[in-house]
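>>> The sequence and its predicted three-dimensional model are supplied below.
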Amino acid sequence: MQRSTILLAVMAAALPLAACGSKTETADNSAAAVTTNGTEMTADTLGAKIRALPEGQRRGVLFRAIRDAGPSGASCQSVTAMKEAAATNGNPTWNAVCDGTTQWTIVLTADQSASVTGPGPVTIK
């Protein structure tokens, strides 16, 4: 099992959305919303942020977690399917399929990282 920091991926996915705001909005206000005002984020809060992302950005976050998991994830070229799974030890969990051939499980943790396991056989479509 490899651990991968996922907060940076969430922030990177959310930053392009900051550019869509009004002209009077500053970058500091957008960044404050992403960092939850300097408080430590719980796994549930991180899970809610991932759920709230548009599908393409959510795929990107899961893709980054898989690619950052180590050598076995480096061959992943795209997340072709994903589905939220039952929580693992109370932590939000997703299953993601890479390139239509291998399935990975991504568990978000309270320390703002992800536990990534795989590859395994594909069980989701």
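Ah, there it is. Keep in mind that this is a model prediction, so the values were computed, not measured.

>>> okay, CA-based contacts and neighbour counts for the rest of this
OK.

>>> Now stretch 55-71: buried residues?
57-69 (16 or more other Cα atoms under 10 Å).

>>> What is the nearest of these to residue 111?
residue 65 (14.5 Å; Cα to Cα).

>>> where's the closest one, which helix or strand?
helix 55-67 (DSSP states H and E).

>>> Who are the contact partners of residue 119?
Residue 119 is in contact with 72-73, 102-104, counting by Cα atoms under 8 Å, 6 or more residues apart in numbering.

>>> Check which element follows the lowest-mean-pLDDT helix or strand in the chain along the chain.
When each helix and strand of the chain is scored by mean pLDDT, DSSP states H and E, helix 27-34 comes last, with a mean of 32. Using DSSP H and E, the helix or strand that follows helix 27-34 in sequence is helix 43-52.

>>> roughly how far apart are residue 120 and residue 65?
Residue 120 is 16 Å from residue 65, where distance means Cα to Cα, to the nearest Å.

>>> Name the single longest strand found in the protein.
Longest strand in the chain by number of residues (criterion: DSSP state E): strand 79-88.

>>> Would you mind getting the angle between that strand and helix 43-52?
Relative orientation of strand 79-88 and helix 43-52, computed by axes from the mean of the first three to the mean of the last three Cα atoms, to 10 degrees: 150 degrees.

>>> Packing partners of strand 79-88?
Contacts defined by 3 or more Cα pairs under 8 Å, 6 or more residues apart in numbering; DSSP states H and E place strand 79-88 against helix 55-67, strand 91-98.

>>> go again using 7 Å as the cut-off
On a contact count with 3 or more Cα pairs under 7 Å, 6 or more residues apart in numbering; DSSP states H and E, strand 79-88 meets strand 91-98.

>>> who does the strand it packs on pair up with?
Using DSSP bridges, the strands paired with strand 91-98 are strand 79-88 (antiparallel), strand 102-108 (antiparallel).

>>> Nearest to residue 116 among those would be which one?
Between those, strand 102-108 lies closest to residue 116; by Cα to Cα that is 4.6 Å.

>>> next SSE after the closest one?
Trace forward from strand 102-108 with DSSP H and E and the next one is strand 113-120.

>>> Dump that next one to PDB, keeping only the CA atoms.
What follows is strand 113-120, C-alpha atoms only, in PDB (Å, rounded to 0.1, in the frame of the first residue of the first chain):
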ATOM      1  CA  SER A 113      -3.400  12.000   1.900                       C
ATOM      2  CA  ALA A 114      -4.700   8.900   0.100                       C
ATOM      3  CA  SER A 115      -4.000   5.300   0.600                       C
ATOM      4  CA  VAL A 116      -3.900   3.700  -2.800                       C
ATOM      5  CA  THR A 117      -4.100  -0.100  -3.400                       C
ATOM      6  CA  GLY A 118      -3.900  -1.900  -6.700                       C
ATOM      7  CA  PRO A 119      -3.800  -2.800  -9.400                       C
ATOM      8  CA  GLY A 120      -6.500  -5.400  -9.300                       C
END
